[in-house]
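# After the sequence you'll find the predicted model.
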Amino acid sequence: MKFEELILKNQKNFELKDIFECGQCFRWQKEENGSYTGVVKIGVLNVNKKAQDIVIKAYIEEKCDLKKFCDDYFNLACDYEKIQKRISKNDDVMKQAIKFGNGIRILNQDRFEMLISYIISAANNIPRISKCINNISHEYGKKIALSKDDCLKLFDVEETREYYLFPSEKSLSKATLEELRNCNLGFRDKYVLENAKKAEDGELSLEQIEKLDYKKAKKELTKLSGVGDKVADCILLFSMRKSIAFPVDTWIKKIMNETYVESKNVKKINEFAEGKWGEDAGIAQQYLFYYKREN
DNA sequence: CCACAGGGCGGCA
DNA sequence: TGCCGCCCTGTG
């Protein structure tokens, strides 16, 4: 493992709170100094903002390229200003939502982690979702022990810490249902285990699914146990760059019914979103979701 | 004790 | 299709 620092100069539409608390990720936490720390595929990242610059400190595996990872993870090539203009045309509600969540960026997270995490999210609340994910990471993920020195460099705190990477397909697939039960996933544990096994033995390839177009990919994902329309859309949006995916949950249902389309039918809401925002639907969803949930 | 939380599944009409 | 009870668990 190595320590590395990266500075992204003069970033637009990049607000830490908006990105890490808009509901797309479960493993980022705010530090005393205002920065955020998260566990990602390659290790532990700490992100802070100084003026318009983003300072990223990382404790990561030797061989990986931090710049390349961040380009992809934070989707730095994406011009959010352009998207905002497109989706807020003649739409005061969206204008407000964008004003509120102006610094949102959709992260490009790990596919397997998103699959498992959003299966766990079903009929669950955020604190417990995070706890469940931490439990399985602790049990089946690789441990990263940080010394006092590391912590001082990374987070500006004088203590030692331990983090656990999200478990690999291989590691999680070796669990037994009985073991998993101790992670307190509730009725979701069997779905998690089944899909981990499928991913490990090659019956399920998330990499292949990502290559399909949105409709086909969603169809494949919803064949998996524990994965319905909403969970599939989350996986597609947060780990497969399908910006057209529009996850419809209870919050989105509310705001859509109040503002755009009166219907209890999720499919109808999906169709409406696709018609109105097209390839930007997923980003529109994030602005609306974040705005609704925080206000 | 009950309701409900960022759904999904299976059974039923 | 559309609707409903149920699923684990924690919290109010």
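Good, I have the coordinates. Numbers count the residues shown, from 1 in each chain, chains lettered A, B, ... in the order given.
# Next, count neighbours for the closest residue to DNA strand B within the stretch 151-295 of chain A.
The minimum distance from the stretch 151-295 of chain A to DNA strand B, using CB to the nearest atom of the strand, falls at A:Gly228 (2.6 Å). To be clear about C-beta, it is placed using only N, CA and C from the backbone, and glycine gets the same treatment. Counted with other CB atoms under 10 Å, the neighbours of A:Gly228 add up to 13.
# Tell me which residues touch the closest residue to DNA strand C within chain A, please.
Closest contact between chain A and DNA strand C, by CB to the nearest atom of the strand, is at A:Gly186 (2.2 Å). Going by CB atoms under 8 Å, 6 or more residues apart in numbering, A:Gly186 touches A:Asn124.
# now A:Ile56
Shown in contact with A:Ile56 (CB under 8 Å, 6+ apart): A:Glu5, A:Leu6, A:Ile7, A:Leu8, A:Leu45, A:Asn46, A:Val47, A:Leu66, A:Cys70.
# Narrow these to those in helices?
Taking DSSP state H, the ones among those that sit in helices are A:Leu66, A:Cys70.
# In ChimeraX, how would I select the buried members of the contacts of A:Ile56?
Selecting only the buried entries of those in ChimeraX, with 16 or more other CB atoms under 10 Å as the criterion:
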select /A:8,45,46,47,66,70
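# Going by distance to A:Leu212, which of the contacts of A:Ile56 wins?
A:Cys70 (26.5 Å; CB to CB).
# pretty sure the residue of the stretch 151-295 of chain A closest to DNA strand B contacts A:Thr222?
Yes: using CB atoms under 8 Å, A:Gly228 is in contact with A:Thr222, at 6.2 Å.
# which helices and strands sit right next to the lowest-mean-pLDDT helix or strand in chain A?
For chain A, using mean pLDDT, DSSP states H and E, the weakest element among its helices and strands is helix A:250-259, scoring a mean of 91. If you count contacts as 3 or more CB pairs under 8 Å, 6 or more residues apart in numbering; DSSP states H and E, helix A:250-259 packs onto helix A:266-277, helix A:281-294.
# mind running it again at 6 Å?
helix A:281-294 (3 or more CB pairs under 6 Å, 6 or more residues apart in numbering; DSSP states H and E).
# and the helix it packs on, which residues are buried?
Here helix A:281-294 shows A:281-293 as buried, counting by 16+ other CB under 10 Å.
# With distance to DNA strand B and pLDDT as added columns, please give those in JSON lines.
What follows is the buried residues of helix A:281-294, written out as JSON lines (distance: CB to the nearest atom of the strand, whole Å; pLDDT from 0 to 100):
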{"residue": "A:Ala281", "distance to DNA strand B": "15", "pLDDT": "98"}
{"residue": "A:Gly282", "distance to DNA strand B": "11", "pLDDT": "97"}
{"residue": "A:Ile283", "distance to DNA strand B": "14", "pLDDT": "97"}
{"residue": "A:Ala284", "distance to DNA strand B": "15", "pLDDT": "97"}
{"residue": "A:Gln285", "distance to DNA strand B": "10", "pLDDT": "97"}
{"residue": "A:Gln286", "distance to DNA strand B": "9", "pLDDT": "97"}
{"residue": "A:Tyr287", "distance to DNA strand B": "14", "pLDDT": "97"}
{"residue": "A:Leu288", "distance to DNA strand B": "13", "pLDDT": "95"}
{"residue": "A:Phe289", "distance to DNA strand B": "8", "pLDDT": "94"}
{"residue": "A:Tyr290", "distance to DNA strand B": "9", "pLDDT": "94"}
{"residue": "A:Tyr291", "distance to DNA strand B": "13", "pLDDT": "93"}
{"residue": "A:Lys292", "distance to DNA strand B": "11", "pLDDT": "89"}
{"residue": "A:Arg293", "distance to DNA strand B": "7", "pLDDT": "88"}
